[in-house]
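1. sequence and predicted model, in that order:
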Amino acid sequence: MNTRILRRLCAAVFTTLAFAAGSVSAQNYPTKPITIVVPFAPGGTTDILARAVGAELTKALGQQVIIDNRPGAGGNIGTQLVAHAAPDGYTLLMGTVGTHGINQSLYPKLPYDPIKDFAPVTLVAAVPNVLVLNKAFAEKNQITDVKSFVSYAKAHPGKLNMASSGNGTSIHLAGELFKTQTKTFMVHIPYRGSSPAIADLIGGQADLMFDNLPSAIGHIKSGRLVALGVTSSKPSAALPNVPPIAQTGGDLTGYEASSWFGILAPAATPKEIVTKLQQEISKSLASPAVKEKMVAQGAEPVGNTPEQFAAHIQAETKKWAKVVKDSGAKVD
């Protein structure tokens, strides 16, 4: 037999066997625990949503889903870990608008490619941010709404400490966009997640924050934080009496800086596994119990297809590149 023909036959057989093995693997998936890496500290919105998804996947797939918090560098440390993980469906990422929409424009040397290194599974939820102030600070300076806050910020340039969950997060960029549109200057203080930032905000070490609504809403309702406005174009059902910042008028007309969170797998993860994960997550997000719980926390569950999520990431990357450029935001 011709050597070239033999090689082609061997290659064809190998490809067929490899495909069959992959199909069997995907069909039996999962056979061991799954890890969802959260690239921020426990207690923040990324962590809250990951645990909600993990609990539902544990029920649906019959395997334990472990949440692994890997905070640092605006989410880059945990995200890089998943980018380099085995593409077998056992290591997933709860990505955010920061890790997959903002950081590419903010960090000169990103240790991963948000497009090429990942297989999008599904967009889990869209979440507005909320401008919150330390209660004692707001009362002392008679700040009761966005307008009075802007007046105070303009009268005290560089005197306000603006906490965030880390460089490049939507929480950070929401503040930078606010500063740009109002022509104010506030000192940015990045933390390793929303939870430690909120703790310092409540304790008085910081004055304000544009936090994700799910991680702030409990403190708002308990009275520990004062909410002035949400960053979405429409009011949140979870806080109907808190107006959208864009509707406060003046320089803030058109202001919008909301967040989103979604599950991603390493690139080259078998399509069958991605599809299975997407279907189970989407099914859980559509269930009345999960949906009601998320909406009460200020999150809007989504559960779209991998293709729709990929297109969303592409669009968000372009949007936030402009925000980063216009605001002059830098990693500090």
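-> Now that the structure is in, tell me what you want to look at.
2. remind me which residues of the stretch 101-250 of the chain are low pLDDT?
-> Along the stretch 101-250 of the chain, the model assigns pLDDT under 70 to no residue.
3. now the strands for it?
-> Remark: strands assigned in the stretch 101-250 of the chain by DSSP state E, counting those that start in this stretch are 118-127, 129-134, 161-164, 187-190, 208-212, 225-230.
4. which one of the ones you listed lies nearest to Met294?
-> strand 118-127 (6.1 Å; CB to CB). Quick note: C-beta positions are derived from backbone N, CA and C, even for glycine.
5. outside of stretch 224-236 itself, list whatever touches it.
-> Outside stretch 224-236, the residues that touch it by CB atoms under 8 Å, 6 or more residues apart in numbering are 128-135, 138-139, 143, 145-146, 149, 174, 198, 201-202, 210, 213, 216, 219-220, 239, 242-246, 248, 255-258, 298.
6. any of those residues buried? List them.
-> 128-135, 138, 143, 146, 149, 174, 198, 201-202, 210, 213, 216, 219-220, 239, 242-246, 248, 255-258, 298 (16 or more other CB atoms under 10 Å).
7. could you dump the strands of the stretch 101-250 of the chain to CSV with distance to Ile67?
-> Output for the strands of the stretch 101-250 of the chain, formatted as CSV (distance: least, CB to CB, whole Å):
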stretch, distance to Ile67
strand 118-127, 14
strand 129-134, 22
strand 161-164, 22
strand 187-190, 22
strand 208-212, 17
strand 225-230, 25
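8. out of those strands, deepest packed?
-> Neighbour counts (mean count of other CB atoms under 10 Å) averaged over each of the strands of the stretch 101-250 of the chain peak at strand 208-212, with a mean of 30.
9. didn't Val53 look like it was pressed against Ser284?
-> Yes: between Val53 and Ser284 there is a contact under CB atoms under 8 Å: 7.2 Å.
10. the two: which is more packed in?
-> More neighbours surround Val53 than the other of Val53 and Ser284, with 28 against 21 (other CB atoms under 10 Å).
11. show me where the stretch 201-332 of the chain has its helices.
-> 213-221, 271-286, 288-296, 306-327 (DSSP state H, counting those that start in this stretch).
12. wait, which of those is closest to Ala155?
-> Taking the helices of the stretch 201-332 of the chain one by one with CB to CB, helix 306-327 is closest: 21.6 Å.
13. hey, what's the angle from that closest one to helix 271-286? Just curious.
-> 80 degrees (axes from the mean of the first three to the mean of the last three CA atoms, to 10 degrees).
14. any buried residues in helix 306-327, and which?
-> So for helix 306-327, counting by 16+ other CB under 10 Å, buried means Pro306, Phe309, Ala310, His312, Ile313, Glu316, Thr317, Lys319, Trp320, Val323, Val324, Ser327.
15. the fourth one: what's its closest spatial neighbour, skipping adjacent residues?
-> With sequence-adjacent residues excluded and distances taken as CB to CB, 6 or more residues apart in numbering, His312 is closest to Leu123, at 5.9 Å.
16. that neighbour reaches Gly303, doesn't it?
-> Yes: between Leu123 and Gly303 there is a contact under CB under 8 Å: 7.3 Å.
17. can you give me the neighbour number for Ser151?
-> With other CB under 10 Å as criterion, Ser151 counts 14.
18. next, find the distance separating it from Asp251.
-> Distance, Ser151 to Asp251, by CB to CB, to the nearest Å: 12 Å.
19. and what of Val37?
-> Taken as CB to CB, the span from Val37 to Asp251 is 39 Å.
20. who has more neighbours, those two?
-> When Val37 and Asp251 are compared for neighbours, Val37 comes out ahead with 23 against 14, by other CB under 10 Å.
21. give the contact list for that one.
-> So Val37 contacts Asp68, Arg70, Gly78, Thr79, Leu81, Val82, Thr91, Leu92, Leu93, Met94 (CB under 8 Å, 6+ apart).
22. let me see the contact set for the residue nearest the centre of the chain.
-> Taking CA atoms, centre = their mean, the centroid of the chain lies closest to Thr96, which sits 2.4 Å from it. By CB under 8 Å, 6+ apart, the contact set of Thr96 is Pro39, Phe40, Thr46, Gly75, Thr169, Ser170, Ser259, Trp260, Phe261, Gly262.
23. and it, what are its bridge partners?
-> Taking DSSP bridges as the rule, Thr96 bridges to Phe261.
24. and it, how far from Asn304?
-> Distance of Thr96 to Asn304, given as CB to CB: 16 Å.
25. what do you get for Ile48?
-> In this view, Ile48 and Asn304 are 20 Å apart by CB to CB.
26. more neighbours, these two?
-> Taking other CB under 10 Å, Ile48 and Asn304 do not tie; Ile48 has more neighbours (24 against 19).
27. contacting residues around the more buried one?
-> Ile48 is in contact with Pro214, Ser215, Gln297, counting by CB under 8 Å, 6+ apart.
28. quick revisit: neighbour count and distance to Ala206 added to the contacts of Thr96, as TSV?
-> TSV is the format used below for those (neighbours: other CB atoms under 10 Å; distance: CB to CB, whole Å):
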residue	neighbour count	distance to Ala206
Pro39	31	22
Phe40	32	17
Thr46	34	20
Gly75	31	20
Thr169	33	15
Ser170	31	17
Ser259	28	19
Trp260	23	25
Phe261	28	23
Gly262	28	28
